[in-house]
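# What would the 3D arrangement of this be:
(chains A, B and C)
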Amino acid sequence: MFSGIMTTTWIAATMVALVAGTVGFFVVLRGAAFAAHAVPHGSFGGAAGAALLVGIDGSILGVSGTIVGLLVFAVGGALGIAWLGRRGRHDVATALSLVVMLGLGLLFLSLSQDYAPAIYSLLFGEVTGVPSYDLIPMAVLGAACIGATVLLYRPLMLSSVLREVGEARGVRGHRVETGFLLVVALATTMTVPVVGVLLMFSLMIGPAAGARCFTDNPRTAILLTVAIAVLVVWIAVAVSYLTNWPIGFFVGVSGALVYGVGRAWTAHRVRHAIPDGGRAEPVAELA
Amino acid sequence: MSASLGAIFGPGFFGSAPVHAALAGGAIVAVVTGAVGLFTVLRSQAFAGHALGEVGATGGAVALLAGTSPLYGYLGIAIAAGAVIELLGVQRPRARDLATGLVLGAGLGLAALFLYLDTTASSTTGAPVTVLFGSLFAVSQSMLPEIVVLSAVSLAIVVACYRMLLLSSLSADLAAARGVPVRVIGVAYLVALAVAVSLAAATIGAVLATALVIGPPASALRLTKRPGLAVLVASVIGIVAVWLGVLLAYDSFYWPPAGTGWPVSFFVVADVFAFYLLSGAVARLRQSARRQRRAREVADVAGG
Amino acid sequence: MNASPAALPEAVLGVDGVSVWLSGREVLHDVSFTVHAGEFTALIGANGSGKTTLFRVILGLLAPGAGSVLIGGRPRARRNPMIGYVPQKVFLDPDMPLRARDVVALGLDGHRLGVGFGSRRRRELVEEMLDAVDAGRFADSRVGYLSGGEQQRVLIAHALVGRPRMLLLDEPLANLDIGAEREVVEVLGRVAREQGIAVLISAHDMNPLLPYMDGLVYLASGRAASGTVEEVVRPEVLSRLYGQHVDVLRVHDRILVVAGADERLPALAKQAGLEPGAVALR
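Numbers count the residues shown, from 1 in each chain, chains lettered A, B, ... in the order given. Got it, this is the predicted structure:
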């Protein structure tokens, strides 16, 4: 499983995990699980639209039509969530942006008859689904994501943890929110061909949700998140290759498993009052 | 007069049996989702509302494998997922959304597996689309009794717990202080939500069910602050959105590309979204009118 | 606060004739006061009296309808490094992997881009500030696990680490038990004195702050009276502010403000052995 077409898959999968882990840490920190699910999920509509325009294997401006379609709808969805979220409830904004994009996707699907088989791999990912000429745009997008996250690290932390103080220091919450959602849009676009539209977000939130149970240091947490994401993806690719079962299945289930292990560890830590510098029990609980 | 009516309602619209079933089924579902959805929005649980619907894809796939009606598949899995989310016992909204997301991820992973087994077992390539996107026109007359019964169950729960549900949705602490069994109410509400979402999933598809559960109630809340009135407004918006969707989908058979028609679920979602934007505009107009009136009053007092 | 300007330490904050209208209502009317370096000033007012609105104006987050705010002699703008801000009701999620020292470090350069690799100087500054608020003990604990008082001290350190000229705290004592209250006020008093920082705290109860207060600004019905406690907390002054009869009661070391005319009150107070002119808090 390590030769030929699989080489592309291994490289793509590793890139995906690096980006998912890095961005996912902040998704979980900001409690943006819904947005992280909605943006890739909705971007599916864009892929359908691109297929309608140029056909499944067609390309736009030299890049695979699918990726362009995904990108356009992912960015559109991110901006839509940011815009609607400023004027109304945030989770309502996310839900409505999502269903609108999916509705459009459904429309495009129905108008182009010959897309049905490819839907499955777009939704749930496919181990061999990454043609080698897509690796370059993927790498570019991935580098842009990680670069943007590194650049925004401090204001992102400040705005996520102490939003009001950030406002007073000139770090406007709305701008950070929009910028962050755009990074999520980029991240999910590059990763969808491997992991699939529906399970991409699992890779973003699972490892991050688990990693933060094992350390209090934010930088350690990010590194651990990325490490877990890479491990999960590697195992998923290997097992998917061997069993022929969809890669999305392994990603989705392991995301939940990692979270479960993390929660169990936290419970153990609390019950046995393992000292972490003074206190082990959360004192302030909000109902 | 009849010519313009004919332009709006495509030929044979009122006589078609699938249309009747779609209108009836859709209206019932709109009422239920309007009522239950109101609390979903109030509790900031739109993600849970979406997740329970989407995870229905797993149930639908299992039902397909087993050869039974997808409705029961949606229902079973929605209740199971709701139970797991509730059992994880996280009360903080952020942590709750995270738990919801992970349960959804696991559920979707399973859906991936089952759909894969479906296609290899029965080689039905259209399975994912049917399960995920559904269609109101697929609602047959035979489904209607089930829809009515399940809707009644969901509505009964909401009506029975109405006061307590409202209080615990607006302030859990206050409700607990007044003796409301917040946990029990939470579970009852989740069951009502699971049923409502499954019904919506069976009609406009697992993935778009969210639109009916979240959209009309959110629009209603922008128009009125009174919960009872909001439920009514949400139901009305939902019914109008669904009926308009059915009509447009029916008419679209005559639009390009001729003979295929555009999906009804698409129209329903578009309608719901349009109403949301409209309600936002109305709310903003009222707010600025109110502000102008108050500024005028202040000026009068100051001048007089 | 009312002495001749030449003898005073410089004015860090000058609020002059500030009025604010929100949704057609006048929330603040002609509010004026000054806070000097090293002074500990309390902004007292009931909930909804406009304290947070006033803070937002000072921070540059809200433009006043009239009047001006000068910080260190210059007009206030957003991103003012001279002000350290501690907002009210900060919820620190126990699930966040952030230690107390990480939160404090954010106060140093959280608004700048990039990751900010820790230099030794940076680490020393953070240590120093943690010690200043007695937080060294739990510097490496997860910040969401700390008690209310401990979290408050971490937030104060966060606000102080950037070496501001003024510290602004919005209801820092709400939801704290008496012990934690005392800790926080003591830290604030010490910081004001030792570092020459102007401290402005908003609260609805002035009593925990009395031992350290240099002066106060009393806010009621959108109007303000400023000065020392003796100058401001008098029935005549407060009655004018509230627009109705107000009594001031002193019980041991505590002050109570009572609104509403009740002729029986002075007699009752005498019966109970209290000083006539006591004030009961609404």
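
# and the stretch 101-250 of chain C, which residues reach chain A?
C:102-103, C:106-107, C:109-116, C:137-142, C:144-148, C:151, C:155, C:158-159 (CB under 8 Å from any CB of the partner chain). To be clear about C-beta, it is placed using only N, CA and C from the backbone, and glycine gets the same treatment.

# What subset of the residues you listed is buried?
Applying 16 or more other CB atoms under 10 Å in any protein chain shown to these, the neighbour count classes C:102-103, C:106-107, C:109-111, C:116, C:138-142, C:144-148, C:151, C:155, C:158-159 as buried.

# among the residues of the stretch 101-250 of chain C next to chain A, which are in helices?
With helices taken from DSSP state H, the overlap with those comprises C:102, C:103, C:106, C:107, C:109, C:148, C:151, C:155, C:158, C:159.

# Quick one: residues contacting the residue of the stretch 151-282 of chain C found nearest chain B.
Closest residue of the stretch 151-282 of chain C to chain B, CB to the nearest CB: residue C:222 (12.9 Å). With contact set as CB atoms under 8 Å, 6 or more residues apart in numbering or on different chains, residue C:222 has these partners: C:26, C:27, C:28, C:29, C:31, C:49, C:50.

# So it versus chain A, what's the distance?
23 Å (CB to the nearest CB, to the nearest Å).

# Quick check: chain neighbours aside, which residue is closest to that residue?
Nearest residue to residue C:222, sequence neighbours excluded (CB to CB, 6 or more residues apart in numbering or on different chains): residue C:29, at 4.6 Å.

# does the one you found sit in a helix or strand, and which one?
Per DSSP states H and E: residue C:29 is located in strand C:25-36.

# contacts for that strand?
For strand C:25-36, contacts defined as CB under 8 Å, 6+ apart pick out B:294, B:298, C:1, C:8-21, C:41, C:50, C:53-54, C:57, C:64, C:66-67, C:166, C:198, C:200, C:217, C:219, C:222-224, C:226.

# Find the pair from the contacts of residue C:222 with maximum spatial separation.
C:26 and C:49 (12.8 Å; CB to CB).

# and those two? which has more neighbours close in?
residue C:49 (22 against 16; other CB atoms under 10 Å in any protein chain shown).

# Name the SS class of that one, please.
Classification of residue C:49 using DSSP: H, G, I helix; E, B strand; the rest coil returns coil.

# check contacts around it.
Contacts of residue C:49 by CB under 8 Å, 6+ apart are C:219, C:220, C:221, C:222.

# any chance of these in TSV, plus secondary structure and pLDDT?
Output for the contacts of residue C:49, formatted as TSV (DSSP: H, G, I helix; E, B strand; the rest coil; pLDDT from 0 to 100):
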residue	secondary structure	pLDDT
C:219	strand	91
C:220	strand	86
C:221	coil	82
C:222	coil	85
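
# Relative to residue B:276, how far out is residue B:26?
Plainly put, residue B:26 is 18 Å away from residue B:276 if you go by CB to CB, to the nearest Å.

# cool, residue A:166 as well?
According to CB to CB, residue A:166 and residue B:276 sit 30 Å apart.

# Over to residue B:203?
Taking CB to CB, one finds residue B:203 at 20 Å from residue B:276.

# circling back: which two from the ones in helices among the residues of the stretch 101-250 of chain C next to chain A end up farthest apart in space?
Taking CB to CB, no two of those sit farther apart than C:109 and C:148, at 26.8 Å.

# so who does the closest residue in space to residue B:153 that isn't next to it in sequence touch?
In this structure, residue B:153 finds its nearest non-sequential neighbour in residue B:195, 5.9 Å apart by CB to CB, 6+ apart. Residue B:195 makes contact with B:32, B:75, B:78, B:150, B:151, B:153, B:154, according to CB under 8 Å, 6+ apart.

# Quick check: the third one touching residue B:57?
No. Using CB atoms under 8 Å, residue B:78 and residue B:57 do not qualify as a contacting pair, with a distance of 10.6 Å.

# Let's have the contacts of residue C:222 in a markdown table, adding pLDDT.
Below are those laid out as a markdown table (pLDDT from 0 to 100):
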| residue | pLDDT |
| --- | --- |
| C:26 | 84 |
| C:27 | 87 |
| C:28 | 89 |
| C:29 | 89 |
| C:31 | 90 |
| C:49 | 81 |
| C:50 | 87 |
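
# out of those residues, who's nearest chain A?
Closest to chain A, out of all of these and judged by CB to the nearest CB, is residue C:50, at 17.4 Å.

# Show me the shaky parts of the stretch 151-282 of chain C.
Scanning the stretch 151-282 of chain C for pLDDT under 70 picks out C:260-282.

# Swap in 50 and give it another go.
C:276-282 (pLDDT under 50).

# In contact with the residue of chain B at minimum distance from chain A, which residues?
Per CB to the nearest CB, residue B:109 is where chain B lies closest to chain A, at 2.4 Å. Residue B:109 makes contacts with A:199, A:202, A:248, A:249, A:250, A:251, A:252, A:253, A:255, as judged by CB under 8 Å, 6+ apart.

# now do residue C:65
C:19, C:20, C:21.

# about what we covered before: which parts of the strand holding residue C:29 are buried?
Buried, per 16+ other CB under 10 Å, within strand C:25-36: C:26, C:27, C:28, C:29, C:31, C:33, C:34, C:35, C:36.

# re the thing from before, which members of the contacts of strand C:25-36 are positioned in helices?
Among the contacts of strand C:25-36, the members found in helices (DSSP H) are B:294, B:298, C:53, C:54, C:57.

# Alpha carbons of stretch B:185-197, as CSV, please.
Provided in CSV are the C-alpha atoms of stretch B:185-197 (Å, rounded to 0.1, in the frame of the first residue of the first chain):
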residue,chain,number,x,y,z
ILE,B,185,-37.7,18.3,30.6
GLY,B,186,-34.5,18.3,28.6
VAL,B,187,-35.0,14.6,27.8
ALA,B,188,-38.6,15.1,26.9
TYR,B,189,-37.7,18.0,24.6
LEU,B,190,-35.0,15.9,22.9
VAL,B,191,-37.5,13.2,22.1
ALA,B,192,-40.0,15.7,20.7
LEU,B,193,-37.1,17.1,18.6
ALA,B,194,-36.0,13.7,17.4
VAL,B,195,-39.5,12.9,16.2
ALA,B,196,-40.0,16.3,14.6
VAL,B,197,-36.6,16.1,12.8
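
# Is the closest residue to residue A:80 other than its chain neighbours within a helix or a strand, and which one?
In space, and not counting its chain neighbours, residue A:80 is closest to residue A:97: 4.1 Å by CB to CB, 6+ apart. With elements taken from DSSP H and E, the one containing residue A:97 is helix A:90-111.

# What helices and strands are in contact with that helix?
Packing partners of helix A:90-111 (3 or more CB pairs under 8 Å, 6 or more residues apart in numbering or on different chains; DSSP states H and E): helix A:33-54, helix A:65-87, helix B:46-54, helix B:127-133, helix B:209-223, helix B:264-303.

# Can you lay out those helices as TSV showing mean pLDDT?
Formatted as TSV, these follow (pLDDT from 0 to 100):
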stretch	mean pLDDT
helix A:33-54	89
helix A:65-87	91
helix B:46-54	92
helix B:127-133	65
helix B:209-223	94
helix B:264-303	86
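
# Would you format these as JSON lines with mean neighbour count included?
As requested, the helices and strands packed on helix A:90-111 are exported to JSON lines (neighbours: other CB atoms under 10 Å in any protein chain shown):
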{"stretch": "helix A:33-54", "mean neighbour count": "27"}
{"stretch": "helix A:65-87", "mean neighbour count": "22"}
{"stretch": "helix B:46-54", "mean neighbour count": "30"}
{"stretch": "helix B:127-133", "mean neighbour count": "22"}
{"stretch": "helix B:209-223", "mean neighbour count": "30"}
{"stretch": "helix B:264-303", "mean neighbour count": "16"}
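
# Let's have those helices in a markdown table, adding distance to residue A:138.
Below are the helices and strands packed on helix A:90-111 laid out as a markdown table (distance: least, CB to CB, whole Å):
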| stretch | distance to residue A:138 |
| --- | --- |
| helix A:33-54 | 14 |
| helix A:65-87 | 8 |
| helix B:46-54 | 26 |
| helix B:127-133 | 25 |
| helix B:209-223 | 30 |
| helix B:264-303 | 30 |
